[in-house]
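Student: coords please:
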Amino acid sequence: MFQKLKPKTLLFIIVVIAVVAGIFDYQPLWGTISNFRPWNLGLDLAGGSVLTYNIDLSKVPAADEQSVVNGLRDVIEKRVNLFGVSEPKVYIETVGSSERLVVELAGVKDVNQAIKEIGATPFLDFREVQEIPATSTAALSTSSTSTLAGQNLAFIPTGLNGRYVVGAQMSFNSVTNQPQVDIEFNSQGATLFQDLTSKNVGKPIAIFLDDQLIEMPVVQETITGGKAEITGNFTVQTAQTLVERFNAGALPAPITLVNQQTISSNFGKNALDTAILAGIVGTLAVMVFMLIYYKKLGIFASVALLIYVSVTLAIFKIVPVTMTLSGIAGFILSIGMAVDANVLVFERTKEELQRGLSHASAVEEGFKRAWTSIRDSNVSTLITSAVLYYFTSSFVQGFALSLFIGVLVSLFSAITTTRTLLRVFESREKKQLA
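Tutor: Below you'll find the predicted structure:
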């Protein structure tokens, strides 16, 4: 597509894109124009909090622990996303024999509200009800007990809990006209619910929410289809809130906040200022080297590098990429690699000039002969970045992603931008000689 355009037309398009991208990159200016895609800054740049939760797996079968932990991580990540945290990081950490959930919240102003939202996700479970004879002095070790209407009752966990809920909605009871919550289980939960109701026909089943008894209906018949109704002293608002939380994901296991660490936004600002300064110094150093060593060709390489920086940063905002110190490091590394492609082209061009070709022919031949080396070196870097991204986590992923995008754009910059600049210059030089 680009080959069909005249060099001047293509150069005009590239310059316009670079200028628009530069305005988009500079948030103080762009913010006065639009609120679209502000920069996403990571915890180390924007400040924020790290919340550590202990996961209670005491009531989870050993065979299911891994799936429960993974499900819990997914639920909390979805929950955090709902109240607008910028690119939260949610991961599992093993400490001794216990599992912990770590939530990194970058740029959060109201940490207490975030903690409340995460902890507010309900833990729902269904329990069998067993009456304890008056002569019995001890309850079953696997159950909780309560006294209702003069009866001593034991509530025995069944394994059916919010982990198996796929959706919920609010409705009104056809008899009492009171708000209720209708929930639907997945296929595995439907089977568990059917088995539970079939064993307890004519008996009550207790429904607990956050370890609090909210309803104890009597099973009239075996219930199939995986649907159930939760009734209680709900108002329309509380029922709707419960529906929203179930749809966000009910916790498959209880969690308890055990540690909170806050990173000052001032510390993040200082780190960001230092990272920006490092990027500017690195870019200028590369440009100075190209100008000194390649002289006139270095001018085109420097202009192409500025265009590369502008376009790449714009892509980072559009994707969007969460910028962290490691991500900025990957970007700065890609700047050097962007110029590396020009170095190969220019060295090939010098060889062709020594063979006696005209300047224009030497440039075209230099690009042609250098392309295979540029392609192979960049593809190997792309493969390495992809491996780092998919087989690591946290900050290493940020480094890998920024490097991957930077290398892709550098291919365009070296082959299209620099070549177009040289073609336009060569055509102008020929007209002046004529």
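
Student: Quick one: low-confidence residue ranges for the stretch 251-400 of the chain.
Tutor: Applying pLDDT under 70 to the stretch 251-400 of the chain flags residues 265, 268, 393-395.

Student: Would you state the helices of it in chain order?
Tutor: Along the stretch 251-400 of the chain, counting by DSSP state H, counting those that start in this stretch, helices occupy 265-294, 296-318, 325-354, 359-391, 395-412.

Student: nearest to Glu65, of those?
Tutor: Glu65 sits nearest to helix 359-391 of all the helices of the stretch 251-400 of the chain, at 23.3 Å, using Cβ to Cβ. For glycine as for every other residue, the C-beta is placed from the backbone atoms N, C-alpha and C.

Student: Please state the offset of stretch 18-29 from the chain centre?
Tutor: Distance of stretch 18-29 from the chain centroid (Cα atoms, centre = their mean, to the nearest Å) equals 24 Å.

Student: List the buried residues for it?
Tutor: For stretch 18-29, a neighbour-count test (16 or more other Cβ atoms under 10 Å) marks Ala18, Ala21, Gly22, Phe24, Asp25 as buried.

Student: Among those residues, name the ones in helices.
Tutor: Here DSSP state H is the test, and the buried residues of stretch 18-29 give Ala18, Ala21, Gly22, Phe24, Asp25 as lying in helices.

Student: If we only consider these, which is nearest to Val102?
Tutor: Of all those, Asp25 has the smallest distance to Val102: 31.5 Å, by Cβ to Cβ.

Student: residues near the residue nearest to that closest one when sequence neighbours are not counted, how many?
Tutor: Closest residue in space to Asp25, ignoring its immediate chain neighbours: Leu313 at 4.4 Å, by Cβ to Cβ, 6 or more residues apart in numbering. For Leu313, the count of nearby residues is 22 (other Cβ atoms under 10 Å).

Student: All the strands of the stretch 51-200 of the chain, residue numbers only.
Tutor: Here the stretch 51-200 of the chain has its strands, by DSSP state E, counting those that start in this stretch, at 89-95, 98-106, 124-131, 144-148, 151-161, 165-172, 179-185.

Student: elements contacting the second one?
Tutor: Which is strand 98-106. helix 43-46, strand 48-55, helix 65-82, strand 89-95, helix 111-119 (3 or more Cβ pairs under 8 Å, 6 or more residues apart in numbering; DSSP states H and E).

Student: what's the offset of that strand from the middle of its chain?
Tutor: Mean C-alpha position of strand 98-106 versus that of the full chain (Cα atoms, centre = their mean) differs by 14 Å.

Student: Mean confidence (pLDDT) on that strand, please.
Tutor: Averaged across strand 98-106, pLDDT comes to 85.

Student: Phe36 should be in a strand, yeah?
Tutor: No - judged by DSSP: H, G, I helix; E, B strand; the rest coil, Phe36 forms no part of a strand; its state is coil.

Student: quick one: it from Ile23, how far?
Tutor: Using Cβ to Cβ, to the nearest Å, we find Phe36 at a distance of 12 Å from Ile23.

Student: Kindly report the same for Asn233.
Tutor: Asn233 sits 56 Å away from Ile23, going by Cβ to Cβ.

Student: For the helices and strands packed on strand 98-106, please prepare CSV with the additional fields mean neighbour count, distance to Ala271 and mean pLDDT.
Tutor: Shown next, in CSV, are the helices and strands packed on strand 98-106 (neighbours: other Cβ atoms under 10 Å; distance: least, Cβ to Cβ, whole Å; pLDDT from 0 to 100):
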stretch, mean neighbour count, distance to Ala271, mean pLDDT
helix 43-46, 25, 6, 77
strand 48-55, 21, 12, 86
helix 65-82, 17, 23, 77
strand 89-95, 15, 17, 83
helix 111-119, 16, 19, 72
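
Student: Which one of these lies nearest to Lys317?
Tutor: For those, the distance to Lys317 is smallest for helix 43-46, at 14.2 Å, taking Cβ to Cβ.

Student: residues making contact with stretch 279-298?
Tutor: For stretch 279-298, contacts defined as Cβ atoms under 8 Å, 6 or more residues apart in numbering pick out 299, 301-302, 305-306, 309, 328, 331-332, 335-336, 339, 342, 346, 349, 422.

Student: Among those, give me the pair with the biggest separation.
Tutor: Farthest apart among these - using Cβ to Cβ - are Ile328 and Thr349, which lie 32.2 Å from each other.

Student: Please name the nearest non-neighbouring residue to Lys227.
Tutor: For Lys227, ignoring the flanking residues on the chain, the nearest one in space by Cβ to Cβ, 6+ apart is Glu184 at 5.2 Å.

Student: Leu297 versus that neighbour, what's the distance?
Tutor: 67 Å.

Student: With Thr235 instead?
Tutor: With distances taken as Cβ to Cβ, Thr235 is found 74 Å from Leu297.

Student: Please say which of those two ends up with more neighbours.
Tutor: Set Thr235 next to Leu297 and count neighbours by other Cβ under 10 Å: Leu297 wins out with 22 against 10.

Student: Can I have the buried ones of the contacts of stretch 279-298 as a PyMOL selection?
Tutor: Burial among those is assessed by 16+ other Cβ under 10 Å; the matching PyMOL selection reads:
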select buried, resi 301+302+305+309+328+331+332+335+339+342+346+349+422
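
Student: picking up where we left off before, list the residues that contact the residue nearest to Asp25.
Tutor: Listed by Cβ under 8 Å, 6+ apart, the contact set of Leu313 reads Ala21, Asp25, Phe331.

Student: Return the member of those nearest to Val363.
Tutor: Set against Val363, the nearest of those by Cβ to Cβ is Ala21 (26.2 Å).

Student: and the closest residue to that closest one other than its chain neighbours, how many neighbours does it have?
Tutor: Nearest residue to Ala21, sequence neighbours excluded (Cβ to Cβ, 6+ apart): Ala314, at 3.6 Å. Residues contacting Ala314 under the criterion other Cβ under 10 Å number 21.

Student: how deep is Val60 tucked in, by neighbour count?
Tutor: Taking other Cβ under 10 Å as the criterion, the count of residues near Val60 is 20.

Student: Check Trp30 too.
Tutor: Neighbouring residues of Trp30 were enumerated by other Cβ under 10 Å; the total is 19.

Student: quick one, what contacts the spatially closest residue to it that is not a sequence neighbour?
Tutor: In space, and not counting its chain neighbours, Trp30 is closest to Phe24: 5.4 Å by Cβ to Cβ, 6+ apart. Residues in contact with Phe24 (Cβ under 8 Å, 6+ apart) are Trp30, Arg37, Ala314, Lys317.

Student: what's the answer for Leu101, then?
Tutor: Thr52, Tyr53, Ile55, Leu72, Arg73, Ile76, Val90, Tyr91, Ile92, Glu93, Ile255.

Student: Distance of the closest residue to it other than its chain neighbours relative to Val68?
Tutor: Leaving aside its chain neighbours, Leu101 sits nearest to Tyr53 (4.3 Å; criterion: Cβ to Cβ, 6+ apart). Look at Tyr53 and Val68: by Cβ to Cβ, they are 14 Å apart.
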